[in-house]
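K.L.:
predicted model, plus sequence, below.
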Amino acid sequence: MQINVRTVAQVTVVDLAGEIDANTAAVAQETILPLAGAGGKLLLEMTGVTYMSSAGLRLLLSTYRRISGSGGRVVLVGLSDELRDTMSMTGFLSFFVTQQTLEDAIAELEA
């Protein structure tokens with residue numbers, strides 16, 4: 001798994017690539033959760049995520065709970081059809097705002 005953190009227009013963008021599973025979710029969590037601070041704007045760019053296990057879903061839920069509990073917002077970008085279907089079937093998709101492009105997600109967070 002590869003993780004890259006950058007800032008675009010006062011939005012923290014976390015680029016994720018590879019598989020998010022039991023072996024990689026802990027490393028991703030160590031990187032992402034500290035970014036989910038009070039009033040934060042967090043964008044998870046998931047175009048490069050090829051697989052996500054239940055550990056990845058837990059990571060997303062933990063991120064959502066932390067950032068929304070502190071008045072922040074999180075948007076997911078570039079979910080594959082497979083990830084979108086999995087998140088929809090498990091009810092996780094209802095927690096998140098999703099966008100197809102980075103530009104749309106940034107606009108969503110700045111609104």
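P.N.:
Arrived safely. Numbering: from 1, shown residues only.
K.L.:
burial check on the residue lying closest to Asp21 once chain neighbours are set aside, number of neighbours?
P.N.:
Closest residue to Asp21 apart from its sequence neighbours, by CB to CB, 6 or more residues apart in numbering: Ser53 at 4.2 Å. All C-beta spots, glycine's among them, are computed from the backbone N, C-alpha and C. Each residue near Ser53 was counted by other CB atoms under 10 Å, and the total is 16.
K.L.:
what's around Glu103, how many residues?
P.N.:
12.
K.L.:
if we can go back for a sec, who are the neighbours in contact with the residue nearest to Asp21?
P.N.:
Glu19, Ile20, Asp21, Ala22, Ala25 (CB atoms under 8 Å, 6 or more residues apart in numbering).
K.L.:
is the nearest residue to Thr98 once chain neighbours are set aside bridged to anything, and to what?
P.N.:
Once flanking residues are discounted, Thr98 sits nearest to Leu76: 4.8 Å by CB to CB, 6+ apart. Counting by DSSP bridges, Leu76 is bridged to Leu44, Thr98.
K.L.:
who's in contact with Leu76?
P.N.:
Leu43, Leu44, Met46, Leu60, Phe96, Val97, Thr98, Gln99, Ala105.
K.L.:
swap the cut-off to 6 Å and go again
P.N.:
When contacts are counted by CB atoms under 6 Å, 6 or more residues apart in numbering, Leu76 is found next to Leu44, Met46, Phe96, Thr98.
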